[in-house]
Every structure is written in C-alpha cells, then in structure tokens.
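Enquirer: Sequence unavailable; structure follows:
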C-alpha cells in the first residue's frame with residue numbers, strides 16, 4: 001500500500017492526540033491519552049488480480065464510524081536517551097476497502113457493490129525518543145498486531161504513528177475475507 005495524500009507532500013494518515021502528554025524524565029514515569037484517526041488514504045502499490053480482473057485497492061476511513069484509540073508512553077531511562085522509553089497504542093479501526101478497475105479514477109464507495117466496510121483492532125508497541133534540539137518526535141521500530149498477524153513498521157521520522165504499514169496487512173486480510181464471503185454466496 002502507498003499513501004494517497006490530499007496534496008503533494010501531505011499526510012496519508014493523521015492521528016490526533018486528544019490531550020497533551022508530559023512524561024517526566026525519570027524511570028517508569030508514564031503518560032496516556034486518547035487518540036482519534038482523522039485521515040487514512042491508502043492505495044495498492046500495484047493492481048491486484050481478482051478472478052482474472054485487475055483492480056486498484058483503496059483503503060479509507062469508514063465515514064460512518066469514529067476510529068478511536070489510546071497511546072501510552074513509559075520512560076525507561078533517567079533523563080534523555082535513545083531510546084527514551086517504550087510506547088503502546090490501540091486503535092479500534094473502521095475502514096472501507098474499495099476495488100476500482102485498474103487505471104480508472106476511484107469511484108464513490110458503494111457498500112456491497114465496489115466497496116466493503118471492515119473493522120480491525122490494532123495493538124502496537126515500540127520505542128520512542130524526542131529530539132529536544134528541534135522539537136521533533138521520533139518513533140523507532142514498532143510492532144503492531146492485527147488479525148493474528150504481526151507487522152514491523154520501520155522508523156518514519158515525519159509520521160509519529162506508523163499506521164500505514166500496519167493497515168496494509170489488516171486491510172488486505174479484510175479484503176480476502178470479503179472475497180471469500182462473496183465466493184461462498
């Protein structure tokens with residue numbers, strides 16, 4: 001999956017913290033906040049073959065549901081360090097998977113026709129540090145688990161929540177379930 005930003009260089013995924021988080025620089029200090037995912041726009045990197053026909057696969061947030069989550073930081077060193085601590089996160093993700101004939105403009109999502117709605121519960125863990133020089137927050141490698149699969153998200157300096165890689169596996173798993181259900185019917 002690749003990101004489909006609203007404008008060149010823009011984000012494909014936006015996760016908003018609903019409260020500030022302050023983690024004191026002492027071992028075992030913690031801070032938690034609720035989160036909401038406000039943007040998710042992904043597209044298959046290449047057309048996907050379904051029954052001899054090729055489709056571009058799009059994954060977007062389901063506008064009929066809110067994707068909420070939580071984020072918790074734990075300080076694991078006194079003072080500054082790399083990593084400075086660990087994080088855990090959870091999302092109850094509601095998304096749509098849209099199949100559009102390869103090379104065609106994306107059509108509006110019509111559930112049951114070219115689109116299906118799905119839900120995934122995503123749990124993630126990883127390491128974090130902050131760069132006090134320029135205020136940039138950096139996430140190290142993160143492991144996310146969804147639908148009995150484990151995904152490793154590599155460091156992405158411009159995106160604190162590495163959900164794009166995570167959703168690739170969850171989205172394709174949901175898509176395969178939908179295709180299997182259609183074949184049974």
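Expert: Ah, there it is. A quick note: this is a predicted structure, and the numbers were derived from the prediction, not measured.

Enquirer: Point out the other helices and strands that the helix or strand where residue 54 lies packs with.
Expert: Here residue 54, judged by DSSP states H and E, is contained in strand 53-61. Using 3 or more C-beta pairs under 8 Å, 6 or more residues apart in numbering; DSSP states H and E, the elements in contact with strand 53-61 are strand 30-43, strand 48-50, strand 85-101, helix 163-184. C-beta: built from backbone N, CA, C; applies to glycine.

Enquirer: and it, which strands flank it?
Expert: If you go by DSSP bridges, strand 53-61 pairs up with strand 30-43 (antiparallel), strand 48-50 (antiparallel), strand 85-101 (antiparallel).

Enquirer: Figure out which of those is closest to residue 15.
Expert: strand 30-43 (5.2 Å; C-beta to C-beta).

Enquirer: quick one: buried residues of the closest one?
Expert: Applying a neighbour-count criterion of 16 or more other C-beta atoms under 10 Å, one finds 31, 32, 35, 37, 39, 40, 41, 42, 43 buried in strand 30-43.

Enquirer: Please dump those residues into CSV; it should also carry distance to residue 89 and pLDDT for every row.
Expert: CSV is the format used below for these (distance: C-beta to C-beta, whole Å; pLDDT from 0 to 100):
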residue, distance to residue 89, pLDDT
31, 13, 92
32, 10, 93
35, 7, 93
37, 11, 93
39, 17, 93
40, 15, 92
41, 20, 93
42, 18, 93
43, 24, 94
